[in-house]
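Q: how would this look folded up:
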Amino acid sequence: MRKLTYYIATSLDGFIAGPDGESDSFAFEGDLAAAILADYPETLPTHAREPLGIATAANTTFDTVLMGRATYEPALAVGVTSPYAHLRQFVFSRTLDQRDPSVEIVADEPAEFVRALKSQDGMGIWLCGGATLAGQLIGEIDELVIKRYPVVLGSGIPLFRAPFAVASFALRDTRVFNTGTTISTYAKH
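A: From the prediction side, this is the model:
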C-alpha cells in the first residue's frame, strides 16, 4: 500500500506561510538545498528543475502530488497550469475549472479519494499543502516530513487547519543543517 506523506516547510511557530501566503522566509540554500536536491528532487516545481540541473532527475520518493486550491493558485497566478509535470497531479477544489489536462481537479471528499489512491500501485503520495487539505486528510497521513526553518512568523497559515483532535506520530529521524533548518520525519503512531 502506498504512503501519504505531508512534506512541508514550517516556521518555528508552526506556520507554513505568512497571512497572505508569503513563503520567502524559507530559504533554499546551502547544505539544506543539496539534501533536498538529492533526496526529494521531485518536490521542486518543473520550471525550477532545469536551472537547478535536475531536469531529468528521477523521482526518488513520490510519483503523485496532492494540492489544495490555495496551494495551486500561486502557480496559476504566474501562468503555470502544471507546476509538477513530472508527477501525477491532483488539486482538491469545488470551485476551480480544469485548466490543464495533466492536472486533475478533484471535487470529491479528500479522505475517500486518497484511500482509493493509496490502494493503487505506485510510489509515495506527496501532500504538498495546504493547511485545510492537510486538516481534512490528517487521518490518512502516514508520514510527516517537516522542514522547520529557524524563523518565527507570528501569524499566518498553520501547518494544519482542523478541529481539535489528537493524532500521534513517532519521531523516526531528524537532520540538522548548517542553515539552522531541521528536517524531521515522523511516522503515524
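Q: For this protein, just list every one of the helices.
A: With DSSP state H as the criterion, the chain has helices at 30-39, 46-49, 69-77, 110-118, 131-137.
Q: pLDDT score for the closest residue to residue 44 other than its chain neighbours?
A: Nearest-residue entry for residue 44: residue 52, 6.4 Å, with adjacent residues in sequence omitted and distances by CB to CB, 6 or more residues apart in numbering. C-beta coordinates here come from the backbone N, C-alpha and C atoms, glycine included. On the pLDDT scale, residue 52 is placed at 95.
Q: Please report phi then psi for residue 52.
A: phi -90, psi 0 (degrees, to the nearest 10).
Q: That one and residue 45, how far apart?
A: Residue 52 sits 10 Å away from residue 45, going by CB to CB, to the nearest Å.
Q: Same question for residue 88.
A: Remark: distance between residue 88 and residue 45 (CB to CB) = 15 Å.
Q: which of those two has more neighbours?
A: Set side by side, residue 88 and residue 45 show more neighbours around residue 88, with 18 against 13, by other CB atoms under 10 Å.
Q: is the more buried one in a bridge, and if so with what?
A: Note on residue 88: beta-bridge partners by DSSP bridges are residue 64.
Q: Check the burial of the residue nearest to residue 44 by counting its neighbours.
A: For residue 52, the neighbour count with other CB under 10 Å is 14.
Q: swap in residue 177?
A: Residue 177: 19 neighbours (other CB under 10 Å).
Q: Find the nearest non-adjacent residue to it, please.
A: Distances taken as CB to CB, 6+ apart put residue 32 closest to residue 177, at 4.3 Å, once the chain neighbours are dropped.
Q: go on, residue 40?
A: Residue 40's closest residue in space is residue 61 (CB to CB, 6+ apart), at 6.0 Å.
Q: okay, now residue 189: neighbour count?
A: 8.
Q: residues contacting it?
A: Contact analysis of residue 189 by CB atoms under 8 Å, 6 or more residues apart in numbering lists 168, 169, 170.
Q: Mind jotting down where the strands sit in the protein?
A: For the chain, the strands defined by DSSP state E cover 4-10, 15-17, 62-68, 88-92, 103-106, 124-129, 143-148, 157-158, 169-176, 182-188.
Q: and of those, who's closest to residue 112?
A: With CB to CB, the closest approach to residue 112 among those belongs to strand 103-106: 10.4 Å.
Q: Check which residues of that closest one are buried.
A: Within strand 103-106, the residues scored as buried using 16 or more other CB atoms under 10 Å are 103, 105, 106.
Q: Make a markdown table from the residues you listed and add pLDDT to it.
A: A markdown table is the format used below for the buried residues of strand 103-106 (pLDDT from 0 to 100):
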| residue | pLDDT |
| --- | --- |
| 103 | 98 |
| 105 | 97 |
| 106 | 97 |
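Q: Nice, that's everything, thank you.
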